[in-house]
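**Student:** Need the 3D shape of this:
(2 chains)
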Number of protein chains: 2
Amino acid sequence: MLETNSFRTIGPTTYLSPIPSVLVGCADPENGIRPNLITVAWAGVVCTRPPMVSVSIRKERYSHAIISRTGEFTVNLVGKHLLKAMDFCGVKSGRDVDKFAHLGLTPVAAPGLEHAVGVGEAPAFLSCKVHQIIELGSHDLFIGAVQQVSVADRYFRPDGSINEEAMNLISFVHGKYHAVSEPLGFFGYSVASPRALERRGFGKGKKK
Amino acid sequence: MLETNSFRTIGPTTYLSPIPSVLVGCADPENGIRPNLITVAWAGVVCTRPPMVSVSIRKERYSHAIISRTGEFTVNLVGKHLLKAMDFCGVKSGRDVDKFAHLGLTPVAAPGLEHAVGVGEAPAFLSCKVHQIIELGSHDLFIGAVQQVSVADRYFRPDGSINEEAMNLISFVHGKYHAVSEPLGFFGYSVASPRALERRGFGKGKKK
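**Tutor:** Numbering: from 1, shown residues only, chains lettered A, B, ... in the order given. This next block holds a predicted model:
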């Protein structure tokens, strides 16, 4: 039996968690703007068909104008090996520093896009075209239509499936980066047959 | 030195991860609609000031009409103890089953709202009023202005801070629920002084 809590109110805040923390890539070579990266935790999936994601960016951020002008961005997943670089990209501005060069990261062409670049060291990245920009207040919401997804070769298993657990992805909880650890179940496991649980690796004794 | 990957494209999909997986609560007692819950992984923070979150819901879902009509919903954080209940709420419809009753969950009044309810067993929940609904395709994006946040008493430390790590929050990665484990750093840690690192519990030897 689950215990019912009593609650205290803490005021209206952005308390949702865990949330993603990703590197958003952009560039505008036609206007002499080198590839840039911005760290975004206000990000999410917003639609399945067509596949769309959103990232929220403050108007005053350097990347805001680049993405608005080119209509393109990439969303780069972040594993432990990129954590420090990601944090750096959240506190420094591309106006002042060439983040790719400073961090030893490699801008790579993003399939389906003309301008924005992916991060060569990321486990995977999504190529997105801006579908809509919605002004909300401190942040503008960029809704991106996913054009293509690129996954690093090294995460493919011999059978062609992808080993996301090996990516050591990072989650964001109230100002702190956390490791994402062992899988506890899969979508639908609560009503799955013992056979299905076994097949998916969640058979008897493997989870509570 | 970080290694640069080679990539394979897998087509345009909603590959962003990790993402949240939360229980969205609603109710419409004036129209005889009992409290209901829907599991949403297409959720995120979208604005800091005013604080706003978004949840994407298919038009055909039972909760879609309830939230559209009342203009209210709650976003309930989910810890390990609620994982099985959350999964169940993602595969069953409130048209067929009273999810609160079936799962032994307690609908509680949501501060700042008239209709929607929170989950009494959740570690915390956000009370939201619908600010805007944006049609995207398979899903409609509900942008919610956060009215209030309620956190269960048990997660407050004696000094009034909140121990989010004790919530054992759940993250969603490509169809699987994952535990969120140890903190690896905090926002800004890459440029923090040794003293600041020490103060925040990330001093020498505590992280790489």
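**Student:** drop to CA atoms for contacts and neighbour counts, all remaining ones
**Tutor:** Fine.
**Student:** same for the helix or strand A:Phe172 falls within, what does it pack against?
**Tutor:** Assessed by DSSP states H and E, A:Phe172 sits inside strand A:170-173. Counting contacts by 3 or more Cα pairs under 8 Å, 6 or more residues apart in numbering or on different chains; DSSP states H and E, strand A:170-173 packs against strand A:19-20, strand A:176-186.
**Student:** Please enumerate residues in contact with it?
**Tutor:** The contact list for strand A:170-173 (Cα atoms under 8 Å, 6 or more residues apart in numbering or on different chains) reads A:17-21, A:41, A:78-80, A:83, A:177-180, B:18-19, B:164, B:171, B:180.
**Student:** quick one, longest strand in chain A?
**Tutor:** Ranked by residue count, the top strand of chain A under DSSP state E comes out as strand A:139-152.
**Student:** strand partners of it, parallel vs antiparallel please.
**Tutor:** Applying DSSP bridges, strand A:139-152 is found paired with strand A:52-58 (antiparallel), strand A:124-135 (antiparallel), strand B:7-9 (antiparallel).
**Student:** Those strands: which one's closest to B:Phe125?
**Tutor:** With Cα to Cα as the measure, strand A:52-58 is the member of these nearest B:Phe125 (21.7 Å).
**Student:** Centre of the chain to the closest one, how far?
**Tutor:** Strand A:52-58 has its C-alpha centroid displaced from the chain centroid by 10 Å (Cα atoms, centre = their mean, to the nearest Å).
**Student:** Do you have the helices of chain A handy? List them.
**Tutor:** Along chain A, counting by DSSP state H, helices occupy A:62-70, A:83-91, A:99-103, A:194-199.
**Student:** returning to that earlier point: wait, which of the strands paired with strand A:139-152 is closest to B:Ile57?
**Tutor:** When the strands paired with strand A:139-152 are compared by Cα to Cα, strand A:52-58 sits nearest B:Ile57, at 13.2 Å.
**Student:** and the closest one, which residues are buried?
**Tutor:** A:52-58 (16 or more other Cα atoms under 10 Å in any protein chain shown).
**Student:** Now stretch A:127-142: average pLDDT?
**Tutor:** Stretch A:127-142 shows a mean pLDDT of 98.
**Student:** tell me which residues in that stretch are buried?
**Tutor:** Across stretch A:127-142, burial judged by 16+ other Cα under 10 Å covers A:127-131, A:133, A:136-142.
**Student:** How about stretch A:185-203?
**Tutor:** Buried residues in stretch A:185-203, defined by neighbour count with 16+ other Cα under 10 Å: A:185-190, A:197, A:202.
**Student:** which outside residues touch it?
**Tutor:** Outside of stretch A:185-203, the residues within contact range by Cα under 8 Å, 6+ apart are A:204, A:207, B:84-85, B:87-88, B:90-91, B:175-178.
**Student:** Stretch A:129-146: end-to-end distance?
**Tutor:** Chord length of stretch A:129-146, first to last residue, is 7 Å (Cα to Cα, to the nearest Å).
**Student:** before we move on, the earlier item: quick one: the helices of chain A as JSON lines, columns for mean pLDDT too.
**Tutor:** Converted to JSON lines, those look like this (pLDDT from 0 to 100):
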{"stretch": "helix A:62-70", "mean pLDDT": "97"}
{"stretch": "helix A:83-91", "mean pLDDT": "96"}
{"stretch": "helix A:99-103", "mean pLDDT": "96"}
{"stretch": "helix A:194-199", "mean pLDDT": "94"}
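**Student:** which one of those is the most hemmed in?
**Tutor:** Sort the helices of chain A by mean neighbour count, taking mean count of other Cα atoms under 10 Å in any protein chain shown, and helix A:83-91 sits at the top with a mean of 21.
**Student:** That one versus strand A:176-186: what angle between them?
**Tutor:** 120 degrees (axes from the mean of the first three to the mean of the last three Cα atoms, to 10 degrees).
**Student:** Summarise which helices and strands helix A:83-91 is packed against.
**Tutor:** With contacts defined as 3+ Cα pairs under 8 Å, 6+ apart, the packing partners of helix A:83-91 are strand A:22-28, strand A:33-40.
**Student:** for chain A, which spans come out with low pLDDT?
**Tutor:** Applying pLDDT under 70 to chain A picks out residues A:1, A:205-208.
**Student:** so what's the most centrally placed residue in it up against?
**Tutor:** By Cα atoms, centre = their mean, the mean C-alpha position of chain A lies nearest to A:Val22, the distance being 3.8 Å. The contact partners of A:Val22, by Cα under 8 Å, 6+ apart, come to A:39-41, A:43, A:75-78, A:86.
**Student:** Please repeat the previous calculation with a cut-off of 7 Å.
**Tutor:** Going by Cα atoms under 7 Å, 6 or more residues apart in numbering or on different chains, A:Val22 touches A:39-41, A:75-78.
**Student:** Just name the closest of the residues you listed to B:Gln147, please.
**Tutor:** The shortest approach to B:Gln147 among the contacts of A:Val22 belongs to A:Ala41, at 20.8 Å (Cα to Cα).
**Student:** Surely the closest one and A:Val24 touch.
**Tutor:** No - using Cα atoms under 7 Å, A:Ala41 is not in contact with A:Val24, being 10.0 Å away.
**Student:** the more surrounded of the two?
**Tutor:** The neighbour comparison of A:Ala41 against A:Val24 (other Cα atoms under 10 Å in any protein chain shown) goes to A:Val24, with 29 against 23.
**Student:** what about that one, distance to B:Leu113?
**Tutor:** Applying Cα to Cα, the value for A:Val24 to B:Leu113 is 35 Å.
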